[in-house]
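J.: Here's a sequence, model it:
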Amino acid sequence: MPLNRQAAVMARHGVPIDRTVLADWMGRTGGAIAPVVDHMAKRLMWESTRLYVDETTAPVLDPGRGKTKTGYLWAVLRDDRGWNGSAPPGVVFHYRPRRKGEYAAEILDGFNGTIQVDAYGGYSHLATPDRVGGDPLRLAFCWAHGRRKLIKAKPKKGSPMVDEALLRIAALYKIEDGIRGSDPDHRRAVRQTLSRPLVNEFFTWLTAQAARASRKSDLSEAMAYMLRRQDGFRLFLDDGQVDIDSNLFENAIRSPAMNRRNALFAGHDEGGRNWARFASLIGTR
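T.: As a prediction, the model looks like this:
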């Protein structure tokens, strides 16, 4: 609940506390928990070999213009329950004033392993041999993102091609349903036997469909999105710790997204950093 509404509710109950006082308390508390959240972030880096990474917008007041600017909450999530890992789930949000690749590098400095991401180009340089801050990362792309792009590009009159693509992707998810929570070796073995042939057939088929589609169509772009990133879409086949998608992130960003709708914006950049700290504690349980 935004602070002005909290102040109004308390005033109605005979406890008049000005919104600026509440804001000061929140700022002091955010500063006090900063070392805790910083330690959480380091633990995620040290103890994990696979992380989910994504960003969501965080509107922040820009006093110089009297308007809001678009900041970002970068979320780093660990959830190993899909492969029966022993580490507890956790998420840390990092506020940054913009969406830039240098912030991704800064946040992931020192981490080595796999990140499950969307296709935002700001992550691509982290997978190169000249990466600063660690070994080249492996980028695992999200099949749910690819699926949604195909659905969004489906013409209003319908498309047998999209319908066929969705059926092929659904077959992969049916396999995943049967191995969720299994150990990594078992997941990899099942994927090698059952999923790999389906993925090979899917991309061979998609290549043929793309050659027939209009290059300027939304559907052509949706197909190219997946075809250009085949290595990242295939990565889950060879690593039992990697999930087929990043859907777990939907729950992780729900808290800051809900606050964004309720509070409208943070008052300043430090407010954005406090927002990230509180969201980290709320999201880690």
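J.: sec struct for residue 95, please.
T.: Classification of residue 95 into helix, strand or coil gives strand, according to DSSP: H, G, I helix; E, B strand; the rest coil.
J.: That one touches residue 72, doesn't it?
T.: Yes: using C-beta atoms under 8 Å, residue 95 is in contact with residue 72, at 7.3 Å. All C-beta atoms are positioned from the backbone trio N, CA, C, and that covers glycine.
J.: Could you pull out the residues contacting both of the two?
T.: The overlap between the contact sets of residue 95 and residue 72 (C-beta atoms under 8 Å, 6 or more residues apart in numbering) consists of residue 58.
J.: Phi and psi next, for residue 113.
T.: Torsion angles at residue 113 (phi, psi; degrees, to the nearest 10) stand at phi 150, psi -140.
J.: which residues touch it?
T.: Contacts of residue 113 were listed using C-beta under 8 Å, 6+ apart, and they are 48, 49, 50, 51, 137, 138.
J.: so what's it scoring on pLDDT?
T.: Listed pLDDT for residue 113 reads 97.
J.: do the same with residue 160
T.: In the predicted model, residue 160 carries a pLDDT score of 94.
J.: Also residue 171?
T.: Confidence per residue is given as pLDDT, and for residue 171 that number is 99.
J.: Kindly report the same for residue 257.
T.: According to the per-residue confidence, residue 257 scores 53 in pLDDT.
J.: Okay, now the unreliable bits of the protein?
T.: Within the chain, the stretches falling below the threshold (pLDDT under 70) are 65-66, 251-265, 267.
J.: can you pull out the helices in it?
T.: 3-12, 19-47, 101-107, 143-153, 160-179, 184-190, 196-212, 218-227, 230-238, 249-252, 254-263, 269-283 (DSSP state H).
J.: Return the residues in contact with the closest residue to residue 168 other than its chain neighbours.
T.: Distance criterion C-beta to C-beta, 6 or more residues apart in numbering; nearest residue to residue 168, sequence neighbours excluded, is residue 202 at 4.9 Å. For residue 202, the set of contacting residues under the criterion of C-beta under 8 Å, 6+ apart consists of 165, 168, 169, 172.
J.: Count the residues that sit near the second one.
T.: Meaning residue 168. By other C-beta atoms under 10 Å, 16 other residues sit near residue 168.
J.: so how far is residue 147 from it?
T.: Taking C-beta to C-beta, to the nearest Å as the measure, residue 168 falls 10 Å from residue 147.
J.: doesn't residue 151 make contact with residue 162?
T.: Yes: shown here, residue 162 and residue 151 form a contact pair, counting by C-beta under 8 Å, at 7.0 Å.
J.: Of those two, give the one with the bigger neighbour count.
T.: A direct count of neighbours by other C-beta under 10 Å for residue 162 and residue 151 places residue 162 higher, at 20 against 13.
J.: Give me the nearest residue to the more buried one, chain neighbours excluded.
T.: Residue nearest to residue 162 in three dimensions, not counting chain neighbours: residue 154, with 4.4 Å by C-beta to C-beta, 6+ apart.
J.: Any figure for the gap between the residue nearest to residue 168 and residue 167?
T.: With distances taken as C-beta to C-beta, residue 202 is found 10 Å from residue 167.
J.: what domains does the record give for the protein?
T.: The record assigns the chain these domain ranges, following automatic domain parsing: 41-141+246-283, 143-238.
J.: Please work out which of those is packed deepest.
T.: With neighbours defined by mean count of other C-beta atoms under 10 Å, none of those is more surrounded on average than domain 41-141+246-283, at a mean of 18.
J.: where's that one relative to the chain centroid, distance-wise?
T.: Between the centre of domain 41-141+246-283 and the centre of its chain there are 7 Å (C-alpha atoms, centre = their mean, to the nearest Å).
J.: end-to-end on it?
T.: Between the opening and closing residues of domain 41-141+246-283 there is a gap of 13 Å (C-alpha to C-alpha, to the nearest Å).
J.: Compile the contacts of residue 113 into TSV and extend it with columns for distance to residue 276.
T.: Conversion of these to TSV gives the following (distance: C-beta to C-beta, whole Å):
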residue	distance to residue 276
48	19
49	24
50	22
51	16
137	22
138	26
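J.: now, among those, which is nearest to residue 268?
T.: Sorting the contacts of residue 113 by how near they are to residue 268, with C-beta to C-beta, puts residue 51 at the top with 28.9 Å.
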